[in-house]
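Peer 1: Can you look at this prediction? I've put the sequence above it.
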Amino acid sequence: MSYFSDIYKGIKTLLTGMSVTGKYFLHSRKGTITQQYPDNRETLKMFDRFRGEVVMPHDEKNEHRCTGCQKCEIACPNGSIEIIWDRKVNPETGKKKKEIDQHIYHLGLCTMCGLCIEACPTDAIVWAQNYENSVYDRAALTKVLNQPGSKLMPGVED
Amino acid sequence: MTDKINTMYIALSITKNIHDWLFSVMPEGAASIVEMVLIALVYLAVFAVAGLYLVLLERKVAAWFQLRIGPNRVGFWGLLQTMADALKLVSKELTGTVKADKFLYNLAPYFVIVSSLMALAVFPFTKEFQAFDINIGIFFLIAISSIGVIGILLGGWASNNKFALIGAMRSGVQTISYELSVGLSLLTMILITGSLQLSEIVEVQKSGWLIVQGHIPAIIAFMIYMIAGTAETNRAPFDMVEAESELGAGFHTEYSGMKFAYFFLAEFINMFIIAAIATTIFFGAWLSPFGITESIPWLGVFWFLGKTLVLVFLMMWFRWTFPRLRIDQLLTLEWKYLLPINLINIVIMAIIVWLKLTIQF
Amino acid sequence: METTTVNSNFKSEEYFINMGPQHPATHGVLRLILTIDGEIIKKVDPDLGYIHRSIEKMCERDSYQQIVHLTDRMDYLSSHINNEAVCLTVENALELEVPDRVKVIRTIIGELTRIASHCLWWGVSGMDVGALTTYFYGFRDREMINDIFEETCGARLTMNYNIPGGLMYDIHPNFIKRTKEFVAHFKTKIPEYDRLLTGNVIFQKRMKGVGILTKEDAISFGASGPVGRGSGFSCDVRKHHPYSALDKVTFNEALKTEGDSLARYEVRIQEMWESLSIIEQLIDNIPEGEYKVATKAVIKLPKGEYYQKVEAARGELGVYIISTGTKNPYRLKFRSPGFSNLSLLNHIAVGGKIGDLVATMATLDIVVPDIDR
């Protein structure tokens, strides 16, 4: 007798399973979770804290906040940041001071851990939210973060 | 309105006109051969394209179950997707393994595709629109679908690949077992009609579809037929043979290009055939419910295709919901559950027909 | 391929099959050399090392704040809990007391990570036994958790949000609202998972009585996590050695005694319910306070050996640090749950069929980067 009750119970569970997928089938017009990517670029907005790429913001006078203290270079676990600096004589105080020449950032090596941004004492580098970082030539992944001809914003000390 | 009816009547009578013309131009033997070749070419063209669109339908239906959209880039709503896939498959390199048995390796896909296409010849799409109406219609269908398994076994053996061999052996066992259930459940319905010829079966159904005439045993026979039919075509939940997450791709691992396309298309056409047999035997092939469009015979094609597509959808629903059965559970299902129930069902149906307890309209 | 890993007492009817490194059912790059006789499995030899990236050696070169981002990539499905393990070890060694706010937030995010990992496990396990739609339903729910993480931490998978001493930034203002929405949504989804897969007669036949692991074997092989709890071995680190805010919440430990694959499956489903209840108990009462304690810029642990264990989604993860007083550890070793869980595969799969092997591996839930590190 358990033969027939087994069959009955088995068929009932199968129909329950079918009802779950059937419900999704009927709601499929509005319920799809697919985002059709290249078509929705205008409306696609990342969250504020999204870790896309490290950038150095410059204001309208082409000035940045990086003093060349090298704290980000020390904090980076795998050497994605290289700072090229020089000691120059500061015209106002007459003392020798570190000044940054180039802030090289290897996007290809970066693991997006965020330690450099935490270590920076002057908030010179921040996260940008761009997610389309692929390039055709690997050399384009080595970026120089400070723009040519820019200098340190006056009044920023580390 | 009468214009339209006239044009369609002309289309149906075009076949009659061509038949008469051929017989008047050539001697009898040559004319009948030419006629048969012509019909074969038409069917081949129509069903090759229909097979491609079934693949697209499967992908779209699968996507809707899975909260996705499915192909929608190639052509409007994805309609040209399978054309693009077929073009890609045709242009692929036909690889083969070094130690494979060349003759059998090349022969295997032809068995499956030819047996599928042959079975399509006997279906009654509407009144007097049947290519091959022999008096052992059902028997012919069951016999033809048994030939397909030879192709699978040959493909698995000739590939010289352990995975393919395991897959082919499993498939052989599965198909041979489930043919019994298919045959017996169809036999249950033949008890009501009394004839194996397909056009006769449709005639009997003019007084009510067979699934209504046979009430309880017919419904049980239908359920068994759907389960066994799904197993015959190696579809989930019985697709251990080509279980993608277990053994690569089963018996067609070593095939690429057009030969793989044959196996793949044959699976979908088989699915259509199983659904079409069920429509013919259980649901009154081209007859409309309660005879509402009796007077417009060419609508029969749409009724037939509509009912078949509903059953095809049911098979797809099974595929995307259930996990798969292990091979020994598959065989247990057949020999311990389906076969005894089938035999008891035949006895009950025989008693009902003998006591004239069928429901007639 | 005759390599030295094949057993040399090899009868002539048996043949061996490679479930090679790239395979849809092995959850990562794992090579299994199966010796089978027809359909019955005679021996299973796992072959590891395809994704070894020398994480432990890199940890000897990095400072303690830099080690944390490497642990993200070990068991990437419970990345937050891995980070928490290293941070707790360092904080215990320095005897640093973190504020209550940090503890509660770490626990909430840890439980969310556990639910996300189990969602993915459920989807993939359905896919392994053949029900291909469960994958999408599991991932749909996981997307909501990924959005919560992306808003607060900035990344979806490798989060690196914990630092020794606390959290990297404070939680986003929307965190509490989103988490509550997720809890309400997910409570309607787990019964649906049950209706679709757990109760299904085909699924039960595939999983019941398959891959039986007795309690003594579980203890002697060192199985932990749901694998051990499915056999009746009560090994939940959250109960026996609570950490962060876990001593303030009440929850049940999911235990079953049968030891077969269905028991391990049901333990994980039960764990999802328990995690939801832990989150509900904590989400409304996050204490105010600082989100980190200031540590020195260069952390040096005092000389000695330190060990801390946590309950990752897969089992017990342990971090063992030997320090000689310098700014890098002398040796850092991870006790990974997947390694011990994989070692019992030969014991429980022998005598079954290939289909049973796939079902067993689905419920062992191993992530190969965790094993190879």
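Peer 2: Perfect, I can see it now.

Peer 1: ok, the residue in the stretch 201-350 of chain C that chain A sits nearest to - how many residues close by?
Peer 2: Closest contact between the stretch 201-350 of chain C and chain A, by C-beta to the nearest C-beta, is at C:Val201 (3.8 Å). Any C-beta I mention is one placed from the backbone N, CA and C, and that applies to glycine too. Neighbour count for C:Val201, taken as other C-beta atoms under 10 Å in any protein chain shown: 18.

Peer 1: cool, the one 4 residues further on as well?
Peer 2: Residue crowding around C:Lys205 was assessed by other C-beta under 10 Å; the count is 18.

Peer 1: thought it was touching B:Gln329?
Peer 2: Yes: assessed by C-beta atoms under 8 Å, C:Lys205 is found in contact with B:Gln329 at 5.7 Å.

Peer 1: can you give me the helices for the stretch 251-373 of chain C?
Peer 2: Ranges of helices within the stretch 251-373 of chain C are C:261-283, C:337-343, C:345-349, C:354-364, C:368-372, based on DSSP state H, counting those that start in this stretch.

Peer 1: okay, now the domains of chain A?
Peer 2: A:2-33, A:48-152 (automatic domain parsing).

Peer 1: Could you export those domains as CSV, including mean neighbour count and mean pLDDT?
Peer 2: Below are these laid out as CSV (neighbours: other C-beta atoms under 10 Å in any protein chain shown; pLDDT from 0 to 100):
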stretch, mean neighbour count, mean pLDDT
domain A:2-33, 14, 84
domain A:48-152, 15, 85
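
Peer 1: So which of these is nearest B:Ser295?
Peer 2: The closest of these to B:Ser295 is domain A:2-33. By C-beta to C-beta, the value is 34.7 Å.

Peer 1: Show the end-to-end separation of stretch C:149-156, please.
Peer 2: 6 Å (C-alpha to C-alpha, to the nearest Å).

Peer 1: Next up, the contacts around B:Glu267.
Peer 2: With contact set as C-beta atoms under 8 Å, 6 or more residues apart in numbering or on different chains, B:Glu267 has these partners: B:233-235.

Peer 1: can you do 10 Å?
Peer 2: Going by C-beta atoms under 10 Å, 6 or more residues apart in numbering or on different chains, B:Glu267 touches B:51, B:54-55, B:112, B:116, B:148, B:233-235, B:239, B:242, B:252.

Peer 1: C:Lys180: which of the residues you listed is nearest?
Peer 2: Closest approach between the contacts of B:Glu267 and C:Lys180, by C-beta to C-beta: B:Asp239, at 42.0 Å.

Peer 1: Now the closest one: closest residue in space, sequence neighbours ignored.
Peer 2: B:Arg324 (5.9 Å; C-beta to C-beta, 6 or more residues apart in numbering or on different chains).

Peer 1: confidence score at that neighbour?
Peer 2: Looking at B:Arg324, its pLDDT reads 85.

Peer 1: Longest helix of chain B, counting residues only.
Peer 2: helix B:28-65 (DSSP state H).

Peer 1: Any part of it near chain C?
Peer 2: Yes: judged by C-beta under 10 Å from any C-beta of the partner chain, helix B:28-65 and chain C are in contact via B:62-63, B:65.

Peer 1: how distant is that helix from the center of its chain?
Peer 2: Offset of helix B:28-65 from its chain centre (C-alpha atoms, centre = their mean, to the nearest Å): 12 Å.

Peer 1: helices and strands around that helix, which ones?
Peer 2: Contacts defined by 3 or more C-beta pairs under 10 Å, 6 or more residues apart in numbering or on different chains; DSSP states H and E place helix B:28-65 against helix A:2-26, helix A:28-31, helix B:2-25, helix B:81-90, helix B:102-119, helix B:258-282, helix B:300-321, helix C:134-152.

Peer 1: looking at those helices, which is buried most?
Peer 2: Highest mean neighbour count of the helices and strands packed on helix B:28-65: helix B:258-282, a mean of 23 (counted as mean count of other C-beta atoms under 10 Å in any protein chain shown).

Peer 1: Just checking, which of the contacts of B:Glu267 comes out lowest on pLDDT?
Peer 2: Lowest pLDDT among these: B:Glu242, with 66.

Peer 1: tally of neighbours for the residue in the stretch 251-373 of chain C that chain B sits nearest to?
Peer 2: Going by C-beta to the nearest C-beta, chain B is nearest to C:Gly355 of the stretch 251-373 of chain C, at 4.1 Å. C:Gly355 has 23 neighbouring residues, counting by other C-beta under 10 Å.

Peer 1: that older thread, in the residues of helix B:28-65 next to chain C, which residue is surrounded by the most others?
Peer 2: Going by other C-beta under 10 Å, B:Phe65 tops the residues of helix B:28-65 next to chain C with 22 neighbours.

Peer 1: That residue contacts A:Tyr24, correct?
Peer 2: Yes: the criterion here is C-beta atoms under 10 Å, and B:Phe65 meets it with A:Tyr24 at 6.1 Å.

Peer 1: hang on, the earlier thing: what is the burial count for the residue nearest to B:Asp239?
Peer 2: B:Arg324 is flanked by 28 other residues according to other C-beta under 10 Å.

Peer 1: just B:Arg326 next, same as before
Peer 2: B:Arg326 - counted by other C-beta under 10 Å - has 25 other residues nearby.

Peer 1: which bits of the stretch 101-250 of chain B sit near chain A?
Peer 2: Counting by C-beta under 10 Å from any C-beta, the stretch 101-250 of chain B sits next to chain A at B:223, B:237.

Peer 1: give me the residue from chain B nearest chain A.
Peer 2: In chain B, the residue that lies nearest chain A is B:Trp64 (3.8 Å; C-beta to the nearest C-beta).

Peer 1: residue contacts, that residue?
Peer 2: By C-beta under 10 Å, 6+ apart, B:Trp64 lies in contact with A:21, A:24-29, A:31-32, B:70, B:320.

Peer 1: 8 Å instead, please
Peer 2: Going by C-beta under 8 Å, 6+ apart, B:Trp64 touches A:24-25, A:28, A:32, B:70.

Peer 1: Closest to C:Glu271 out of those residues?
Peer 2: Nearest to C:Glu271 out of the contacts of B:Trp64 is A:Tyr24 (C-beta to C-beta; 25.4 Å).
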